[in-house]
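Enquirer: coords below, sequence missing:
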């Protein structure tokens with residue numbers, strides 16, 4: 001029986017696959033480029049993401065039992081499907097670099113500095129392959145727990161940071177102008193790109209296709225609300241210049257939070273609540289890349305492809321995080337150039353071909 005998850009689970013997957021990197025690494029990149037207006041860039045990026053998520057859901061509603069790969073194959077033939085599968089595999093291969101930057105630098109730089117990097121890679125792959133093997137429903141249920149953890153984390157951080165909130169650090173608004181702020185939103189665009197490409201792979205396994213569009217934009221808006229609090233607090237509490245100094249800026253904000261008398265090491269609580277979102281990113285990347293590989297090689301079951309996909313993704317992630325400068329350079333420069341053409345152009349191209357071959361689409 002084909003697994004089906006609810007639209008609520010789909011919303012939770014959207015939130016958790018975006019959240020970890022968006023608060024952990026992206027806000028530091030935005031602060032280095034546009035200062036205290038990073039929260040505006042996050043909102044502008046969300047608006048773009050909503051449009052692409054709606055387009056993704058609308059495309060797949062035409063063939064509710066097919067993902068992006070099956071949609072391309074139904075319209076243009078078997079090799080078109082393999083090309084789309086290869087593009088999606090490359091997307092998740094390179095996405096694993098920034099995901100590992102987020103995951104490893106949180107733990108290694110702040111908690112386990114003596115631990116070797118390969119240890120984190122092996123743990124990530126074991127957890128990711130385990131989750132991928134057990135399937136989408138298990139990961140979706142874990143995402144519900146992750147969404148609850150996100151809410152708890154935000155409430156705790158807000159409670160601990162309000163006493164040092166200085167609204168003057170947020171002024172002047174749009175200091176570098178609308179165009180530069182909009183351009184800076186590409187850093188956050190790479191975060192929602194994970195969600196839209198994931199949606200292009202898993203939407204056929206979500207119940208009630210007529211609700212896909214609503215679930216998609218609802219998930220993007222809820223995620224924006226959960227994330228935008230962080231750049232506002234980082235700018236108002238830490239200031240933008242301080243935020244810009246850190247690769248993982250959220251940890252510095254968490255260390256400065258004050259909650260009661262006894263919770264001095266609040267970042268330990270934060271990393272426990274944060275880790276679910278980071279693990280969802282790892283598991284979904286392996287799951288989607290294994291599905292893409294199975295289509296490329298014509299294998300019916302994706303599970304045998306989990307280990308080859310894990311080896312490829314793990315090797316790239318290990319190479320990237322070995323050097324902090326290389327990791328942040330790739331995350332801020334090369335990764336947007338790779339991810340955004342795929343995230344924007346793939347749905348647009350499929351939508352265009354769907355219009356050109358609407359009769360064939362109707363027969364399918």
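Expert: Looks like it arrived, so ask away. Given the structure is predicted, the values throughout are model-derived calculations rather than measurements.
Enquirer: contacts, neighbours, all on C-alpha from now
Expert: Will do.
Enquirer: okay, strands next: where are they in the stretch 201-350 of the chain?
Expert: Ranges of strands within the stretch 201-350 of the chain: none, based on DSSP state E, counting those that start in this stretch.
Enquirer: from memory residue 353 sits against residue 71, does it?
Expert: No. In this structure, residue 353 is not within contact of residue 71 by CA atoms under 8 Å, at 9.9 Å.
Enquirer: higher neighbour count, these two?
Expert: Ranked by neighbour count (other CA atoms under 10 Å), residue 353 and residue 71 place residue 71 first, with 27 against 16.
Enquirer: ok, and the closest non-adjacent residue to the more buried one?
Expert: Nearest residue to residue 71, sequence neighbours excluded (CA to CA, 6 or more residues apart in numbering): residue 63, at 7.0 Å.
Enquirer: just checking, the one you found touches residue 73?
Expert: No. Using CA under 8 Å, residue 63 is not in contact with residue 73; the gap is 11.5 Å.
Enquirer: now residue 176: how far from residue 45?
Expert: According to CA to CA, to the nearest Å, residue 176 and residue 45 sit 17 Å apart.
Enquirer: how about residue 321?
Expert: Counting by CA to CA - residue 321 and residue 45 are separated by 26 Å.
Enquirer: how about residue 298?
Expert: Residue 298 is 36 Å from residue 45, by CA to CA.
Enquirer: neighbour count: those two, which is higher?
Expert: Legend: neighbour count by other CA under 10 Å for residue 298 and residue 45, higher for residue 45 (24 against 11).
Enquirer: which strands and helices sit next to the longest helix anywhere in the chain?
Expert: Using DSSP state H to assign secondary structure, the helix with the most residues in the chain is helix 78-110. Packed against helix 78-110 by the contact rule (3 or more CA pairs under 8 Å, 6 or more residues apart in numbering; DSSP states H and E) you find helix 7-21, helix 68-76, helix 117-134, helix 266-296, helix 306-321, helix 324-329, helix 335-356.
Enquirer: and of the ones you listed, who's closest to residue 247?
Expert: helix 324-329 (7.5 Å; CA to CA).
Enquirer: for residue 149, which non-adjacent residue is spatially closest?
Expert: Once flanking residues are discounted, residue 149 sits nearest to residue 273: 5.1 Å by CA to CA, 6+ apart.
Enquirer: quick revisit: neighbours of the residue nearest to residue 71, just the number please.
Expert: 18.
Enquirer: same question for residue 258.
Expert: 21.
Enquirer: is residue 66 part of a helix or strand, or is it coil?
Expert: Following DSSP: H, G, I helix; E, B strand; the rest coil, residue 66 is assigned to coil.
Enquirer: isn't it right up against residue 205?
Expert: No. Counting by CA under 8 Å, residue 205 is not a contact partner of residue 66; they are 9.1 Å apart.
Enquirer: residue contacts, the residue nearest to residue 149?
Expert: 146, 149-150, 152-153 (CA atoms under 8 Å, 6 or more residues apart in numbering).
Enquirer: what's the ChimeraX line that selects buried ones from those residues?
Expert: Those of those that count as buried under 16 or more other CA atoms under 10 Å are selected in ChimeraX with:
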select :146,149,150,153
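Enquirer: rebuild the contacts of residue 273 as CSV, extending it with pLDDT and distance to residue 134.
Expert: Shown next, in CSV, are the contacts of residue 273 (pLDDT from 0 to 100; distance: CA to CA, whole Å):
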residue, pLDDT, distance to residue 134
146, 93, 17
149, 92, 22
150, 93, 23
152, 90, 27
153, 89, 27
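Enquirer: so which other helices or strands are in contact with the helix or strand of the chain with the lowest mean pLDDT?
Expert: When the helices and strands of the chain are scored by mean pLDDT, DSSP states H and E, helix 358-363 comes last with a mean of 73. Packed against helix 358-363 by the contact rule (3+ CA pairs under 8 Å, 6+ apart) you find helix 68-76.
Enquirer: quick check, residue 39 in contact with residue 228.
Expert: Yes. Counting by CA under 8 Å, residue 39 does reach residue 228; the two are 5.7 Å apart.
Enquirer: between these two, who's got more neighbours?
Expert: A count of neighbours by other CA under 10 Å puts residue 39 above the other of residue 39 and residue 228, at 27 against 20.
Enquirer: ok, back up a step: most packed of the helices and strands packed on helix 78-110?
Expert: Across these, the average number of neighbours (mean count of other CA atoms under 10 Å) peaks for helix 7-21, which reaches a mean of 26.
Enquirer: now it: average pLDDT?
Expert: The average pLDDT for helix 7-21 rounds to 95.
Enquirer: just stretch 196-212 next, same as before
Expert: pLDDT averaged over stretch 196-212 gives 94.
Enquirer: starting at the chain centroid, how far to that stretch?
Expert: Distance of stretch 196-212 from the chain centroid (CA atoms, centre = their mean, to the nearest Å) equals 16 Å.
Enquirer: ok, residues contacting that stretch?
Expert: Here stretch 196-212 makes contact (CA under 8 Å, 6+ apart) with 2-7, 10, 49, 52-53, 56-58, 60-61, 64-69, 88, 284, 288, 343.
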